[in-house]
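Enquirer: Sequence first, then the predicted structure:
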Amino acid sequence: MTVPKSEEREIDRKARMKLPFVDITPRPPEIRVLDFEPTYEPLTPEEAVRAAERCIHCPDPAPCTKACPVNNDIAGAMWLIEQGDFVGAAEIYRQTSSMPEICGLVCPHDELCMGSCVRFKRGEPVITGAIEAFVTDYQRKHSDVVIPVGVATGKKVAIVGSGPAGLACAEQLVRKGHSATVFEAKPSPGGLLIYGIPNFKLGKDVVNAVIGDLEKAGVEFECNTPIGPEKSVNDLFDDGYHAVFIGVGTGIDASMKVPGIDLPGIHQATEFLIRANVPAEFLPEGMEKEIEIGNRIAVIGGGDTASDCLRSALRLGADEVICLYRRTEAEMPGNAKDRKLAKEEGAKYRFLTQPIEYIAGPDGRVSAVECLQCELGEPDDSGRRRPVPIEGSNFTVPVDTVILALGYWPDETIGKSTPNLETHDWGLITVDPESHATSRPGVFAGGDAVTGPDLVVTAMRAGRKAAASIDEYLKKL
């Protein structure tokens with residue numbers, strides 16, 4: 001079906017502006033906190049049509065498309081949805097996105113496409129993300145998702161890391177006819193999509209469906225295969241690969257240097273989320289044992305990972321779950337919508353709070369967090385006001401478990417084991433911003449391993465851009 005450009009669509013913008021807001025509905029907090037199932041009820045076909053009809057089809061390029069990191073033709077998809085062509089709308093998203101079913105669920109739409117909807121000026125926006133998730137799910141249930149495979153070129157590419165950057169790179173490469181093999185250190189492909197994002201935000205079945213599409217297109221996955229000192233990037237070239245893409249993310253949890261940090265009962269966020277959310281057959285070695293959390297949990301940090309930990313802890317049955325954050329809520333880097341959901345589910349927040357020591361109980365496990373009250377000082381390098389501890393304001397918070405959600409650092413393994421690969425800032429890989437080529441010929445990189453922690457959609461975009469550059473590189477061999 002041909003989609004007319006926005007200027008050619010016969011629409012009555014004034015009438016559309018009067019259409020009532022259509023939103024997604026969260027399950028009641030007292031119900032959803034009992035399981036790890038999706039937070040929101042899925043749209044019905046009727047709701048999706050009514051939500052799409054609210055689009056006023058701004059002249060090209062629409063603000064929502066410009067705000068999308070991969071420039072999805074959102075208005076074009078809305079037009080097809082209005083006609084009831086859900087599969088056609090899904091295919092529009094797949095023209096520019098390698099995983100629209102995932103981005104429709106996890107992107108911060110209120111900061112991107114939905115946040116740029118011109119309807120915001122007079123009321124509520126079009127729920128772009130929920131509609132994207134609906135049509136791509138509808139397509140899987142009522143049609144086929146097929147990645148078109150190009151004519152075989154005989155060229156082989158090794159992809160290190162199976163997160164959004166690596167998966168997107170593989171998807172684009174097979175379309176060009178290149179062979180792609182993805183190397184993943186953990187037992188299952190998916191990277192942070194499987195091991196970092198809880199099921200109530202992104203179901204494992206959604207991720208596995210995307211991986212299944214790639215497998216049907218010929219992409220091979222070698223799991224439990226870390227690339228580093230034992231099997232290096234050099235070894236991949238020796239094995240006959242013509243190019244390498246590195247998309248290993250930033251998987252090293254940041255920590256803090258305070259007394260008691262190594263006490264039993266204190267967990268890094270990644271370990272906690274893996275053991276709380278990942279099926280037993282996909283658990284990495286050493287994480288097979290069920291996590292013991294007790295009744296009182298403190299989460300240290302203020303980003304999206306902190307919200308994920310708070311909400312996971314509540315679902316594991318903790319009676320008291322509190323977030324300790326050294327600034328105010330206004331300075332928190334995490335998504336406000338996730339914090340709202342966490343509060344609805346019972347999480348508490350204590351702001352301007354700086355942990356200074358973790359205290360052991362009689363059994364040797366952590367039993368309390370000693371903290372200082374803070375006040376805000378002058379802005380630091382990030383632009384946020386610096387937390388300044390108040391001398392003598394000590395107080396303690398009783399806990400059974402502490403989860404450290406303090407952010408992530410790059411893994412230096414690849415940089416240190418790959419000769420002539422330039423890195424910076426504690427291991428981030430240096431690349432040409434346009435081509436994603438590294439200092440090592442034939443090696444490309446993208447995603448969080450290059451930028452530091454960022455969005456799923458920006459990592460996916462990097463994988464797609466790198467694949468285009470790899471294709472050009474391979475043509476010259």
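Expert: That came through, no problem.
Enquirer: Run a quick check on N199 versus F36, I expect a contact.
Expert: Yes: using Cβ atoms under 8 Å, N199 is in contact with F36, at 4.1 Å. (C-beta placed from N, C-alpha, C; glycine too.)
Enquirer: can you list residues touching both of these two?
Expert: N277 (Cβ atoms under 8 Å, 6 or more residues apart in numbering).
Enquirer: what bits of the chain have low per-residue confidence?
Expert: For the chain, applying pLDDT under 70 flags the ranges 1, 7.
Enquirer: Point out the other helices and strands that the longest helix that the chain contains packs with.
Expert: Ranked by residue count, the top helix of the chain under DSSP state H comes out as helix 456-475. Here helix 456-475 touches helix 100-106, helix 164-175, strand 243-246, strand 443-445, helix 448-451, going by 3 or more Cβ pairs under 8 Å, 6 or more residues apart in numbering; DSSP states H and E.
Enquirer: Output the last one as CSV - backbone C-alpha positions only.
Expert: Below are the C-alpha coordinates for helix 448-451, written out as CSV (Å, rounded to 0.1, in the frame of the first residue of the first chain):
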residue,chain,number,x,y,z
ASP,A,448,27.6,2.0,24.8
ALA,A,449,31.2,0.7,24.3
VAL,A,450,31.8,3.9,22.4
THR,A,451,29.4,6.5,24.0
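Enquirer: So which elements touch it?
Expert: strand 428-429, helix 456-475.
Enquirer: Present these as JSON lines; the columns should include distance to R16 and mean neighbour count.
Expert: Formatted as JSON lines, those follow (distance: least, Cβ to Cβ, whole Å; neighbours: other Cβ atoms under 10 Å):
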{"stretch": "strand 428-429", "distance to R16": "45", "mean neighbour count": "23"}
{"stretch": "helix 456-475", "distance to R16": "27", "mean neighbour count": "23"}
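Enquirer: Of the ones you listed, give the one that comes closest to Q172.
Expert: helix 456-475 (3.5 Å; Cβ to Cβ).
Enquirer: ok and the closest one relative to helix 164-175, angle-wise?
Expert: Angle between the axes of helix 456-475 and helix 164-175 is 40 degrees (criterion: axes from the mean of the first three to the mean of the last three Cα atoms, to 10 degrees).
Enquirer: The helices and strands packed on helix 456-475: which one's closest to E320?
Expert: Of those, nearest to E320 by Cβ to Cβ is helix 100-106, at 28.0 Å.
Enquirer: Any buried residues in the closest one, and which?
Expert: Neighbour-count burial for helix 100-106 flags P100, E101, I102, C103, G104, L105, V106 (criterion: 16 or more other Cβ atoms under 10 Å).
Enquirer: helices or strands next to the longest strand along the chain in the packing?
Expert: Counting by DSSP state E, the longest strand found in the chain is strand 366-379. Here strand 366-379 touches strand 353-360, strand 385-389, strand 395-398, strand 401-404, going by 3+ Cβ pairs under 8 Å, 6+ apart.
Enquirer: Just say which of these is most tucked in.
Expert: Across the helices and strands packed on strand 366-379, averaging neighbours per residue (mean count of other Cβ atoms under 10 Å) puts strand 401-404 on top, at a mean of 26.
Enquirer: Go ahead and measure how far it is from the middle of the chain.
Expert: Offset of strand 401-404 from its chain centre (Cα atoms, centre = their mean, to the nearest Å): 21 Å.
Enquirer: Neighbouring strands - and their directions - for that strand?
Expert: The strands beside strand 401-404 in its sheet (DSSP bridges) come out as strand 266-268 (parallel), strand 296-300 (parallel).
Enquirer: Residues in contact with it: which ones?
Expert: Contacts of strand 401-404 (Cβ under 8 Å, 6+ apart): 253-256, 265-269, 272, 292-294, 296-301, 309, 313, 318, 358, 366, 369.
Enquirer: go on, stretch 4-15?
Expert: So stretch 4-15 is in contact with I56, H57, C58, P59, D60, A62, A75, G76, W79, going by Cβ under 8 Å, 6+ apart.
Enquirer: Among those, which one sits closest to E331?
Expert: Nearest member of those to E331, counting by Cβ to Cβ, is A62, at 32.2 Å.
Enquirer: tally of neighbours for the closest one?
Expert: A62 is flanked by 25 other residues according to other Cβ atoms under 10 Å.
Enquirer: quick revisit: can you flag which of the contacts of stretch 4-15 belong to helices?
Expert: Applying DSSP H to these, the entries found in helices are A75, G76, W79.
Enquirer: residues near the first one, how many?
Expert: Residues contacting A75 under the criterion other Cβ under 10 Å number 26.
Enquirer: my guess is it contacts P59, does it?
Expert: No: using Cβ under 8 Å, A75 makes no contact with P59, being 9.6 Å away.
Enquirer: and the nearest residue to G446 once chain neighbours are set aside, what does it touch?
Expert: Leaving aside its sequence neighbours, G446 sits nearest to A462 (Cβ to Cβ, 6 or more residues apart in numbering; 3.1 Å). Going by Cβ under 8 Å, 6+ apart, A462 touches A165, A168, G247, H436, G446, G447, V450, T451.
Enquirer: Likewise for H109?
Expert: Contacts of H109 by Cβ under 8 Å, 6+ apart are G115, I127, T128, G129.
Enquirer: ok, now V135?
Expert: A48, A77, I81, F86, V87, A89, A90, Y93.
Enquirer: ok, 7 Å please
Expert: When contacts are counted by Cβ atoms under 7 Å, 6 or more residues apart in numbering, V135 touches A77, I81, F86, A89, A90.
Enquirer: can you check D23 too?
Expert: D23 makes contact with I127, according to Cβ under 7 Å, 6+ apart.
Enquirer: Just give me how far the one helix or strand L214 maps to sits from the chain centre.
Expert: Assigned by DSSP states H and E, L214 falls within helix 204-216. Here the centre of helix 204-216 is set off from its chain's centre by 16 Å, with Cα atoms, centre = their mean.
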